[in-house]
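**Q** model the following, please.
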Amino acid sequence: MYVSSSNVPMRLRMLPCFCFYLSWRTAVTMIILLSGFLFFPGLFLTLKHVIKTRFKNLKDTDVALVSERIVSSIHALMASTSGVLIVASCRDIMNDRHRLATDFVWFGASYMAYDICAMYQVHHLNERGKGCEEYKGLSLHAITKFLHEDFLLVLHHMALLTVFMPVTLFLRRGLGDFFIGCFFITELSTPFVSAGKVLIQLGLQDSTLHKINGLMVLLTFLLCRILLFPFMYWVYGRNYNIPLYKVALHLPWHCNLGNLCILAPQLYWFFLLCRKARRLYLRQLQTHSSHTPKTS
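**A** This is a model prediction of the structure:
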């Protein structure tokens, strides 16, 4: 029996197109995810080879750390650039969409998994260079020590993989791309943090470059990882004509809790950065005073 297409409900007629769209988006998503898993480890291995070939006097630990920090900086620049593009394009902070808000999460998810492995390799090479017997191979003691020393950073990476990623991709109902862009911008401080670690590893902690970089670390960390949170609350309040001090009361409790969980380690890290900057400043003063000739 022939059924005219005009008698078929619109929803049924659109079903093949919808299924094709889903399969196409799934394929694109898998390609993006796989690209990340190939890009970051591949870049790390390539940088290690290039640096080892060009700078033969560097130790394996130095080569691994510099390579890992460069990859971190590249990821941070990609994330912060994506964040700026998202924030700039979203006029409606709740409903406007931008593909990067989901696509870069898929692409960057592999970075978190890779970076934990890369950090362990740097830790392993550093301890093996000190002559530790248990670091001649893979051991439970070595992994436990690494997790103890870098617990907060590993926890941060795991939380992004297991909490931030599912929330961003599956639980937002397509809302708040603007705020996802804001979270991407927090990575802007990472290149300066990475540069500081590289300079210290290369013995340049007393150089002028390290001092300038230290100021940039404090500035970008304060602006992009701490003050960004009251900025997001202010933007939300302005959009809905709510005073800043009342915004938290209008948000679901889990949104406030999530922001607090993200902000808490940032405050702790900023405290450590300030304490380190103060210690370096006092050391410079002592060094300067000891080299100043005394006059009678």
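**Q** buried residues in whichever helix or strand Thr81 is part of, which are they?
**A** Counting by DSSP states H and E, the element that carries Thr81 is helix 60-89. By neighbour count with 16 or more other C-beta atoms under 10 Å, helix 60-89 contains the buried residues 60-76, 78-83, 85-87. Every residue, glycine included, has its C-beta placed from N, CA and C.
**Q** look up the closest residue to Val73, ignoring the ones flanking it.
**A** No, residue 73 isn't Val; it's Ser. Distances taken as C-beta to C-beta, 6 or more residues apart in numbering put Pro191 closest to Ser73, at 4.0 Å, once the chain neighbours are dropped.
**Q** tell me what the helix or strand where the one you found lies is packed against?
**A** Using DSSP H and E, Pro191 maps to helix 190-201. On a contact count with 3 or more C-beta pairs under 8 Å, 6 or more residues apart in numbering; DSSP states H and E, helix 190-201 meets helix 60-89, helix 208-221.
**Q** what's the last one packed up against?
**A** If contacts are counted by 3+ C-beta pairs under 8 Å, 6+ apart, helix 208-221 sits against helix 190-201, helix 253-291.
**Q** one more time with 6 Å, if that's ok
**A** Applying 3 or more C-beta pairs under 6 Å, 6 or more residues apart in numbering; DSSP states H and E, one finds that helix 208-221 contacts helix 190-201.
**Q** what's the offset of the helix it packs on from the middle of its chain?
**A** 15 Å (C-alpha atoms, centre = their mean, to the nearest Å).
**Q** give the rounded mean pLDDT of that helix.
**A** Averaged across helix 190-201, pLDDT comes to 91.
**Q** please apply the same query to stretch 158-172.
**A** On average, stretch 158-172 scores 89.
**Q** quick one: contacts of it?
**A** 105, 109, 112, 180 (C-beta atoms under 6 Å, 6 or more residues apart in numbering).
**Q** doesn't His157 make contact with the third one?
**A** Yes: with contact defined as C-beta atoms under 6 Å, Met112 and His157 form a contacting pair (4.4 Å).
**Q** neighbour count: these two, which is higher?
**A** Met112 (21 against 18; other C-beta atoms under 10 Å).
**Q** ok so, going back, take the helices and strands packed on helix 190-201 and write them to a markdown table, including mean pLDDT and distance to His250.
**A** Formatted as a markdown table, the helices and strands packed on helix 190-201 follow (pLDDT from 0 to 100; distance: least, C-beta to C-beta, whole Å):
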| stretch | mean pLDDT | distance to His250 |
| --- | --- | --- |
| helix 60-89 | 95 | 21 |
| helix 208-221 | 93 | 29 |
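**Q** which among these is found nearest to Tyr245?
**A** helix 60-89 (23.5 Å; C-beta to C-beta).
**Q** tell me which helix or strand comes right after the closest one.
**A** Counting by DSSP H and E, the next helix or strand C-terminal to helix 60-89 is helix 100-129.
**Q** count of neighbours near the residue nearest to Ser73?
**A** Each residue near Pro191 was counted by other C-beta under 10 Å, and the total is 22.
**Q** what does the one 3 residues further on give?
**A** One way to gauge burial is a neighbour count; for Ser194, by other C-beta under 10 Å, it gives 23.
**Q** quick one: contacts for it?
**A** 69, 72-73.
**Q** list just the nearest of these to Pro41.
**A** Ser72 (13.1 Å).
**Q** please name the nearest non-neighbouring residue to that closest one.
**A** In this structure, Ser72 finds its nearest non-sequential neighbour in Ser194, 5.0 Å apart by C-beta to C-beta, 6+ apart.
**Q** what's the answer for Met94, then?
**A** Leu175 (5.4 Å).
**Q** tell me the spacing between the one you found and Tyr236.
**A** Counting by C-beta to C-beta, to the nearest Å, the gap from Leu175 to Tyr236 is 12 Å.
**Q** so, low pLDDT: which residues of the stretch 1-150 of the chain?
**A** Along the stretch 1-150 of the chain, the parts satisfying pLDDT under 70 run over 1-22, 24, 131-138.
**Q** the same query, at a cut-off of 80, please.
**A** Filtered on pLDDT under 80, the stretch 1-150 of the chain yields the residue ranges 1-27, 127-142.
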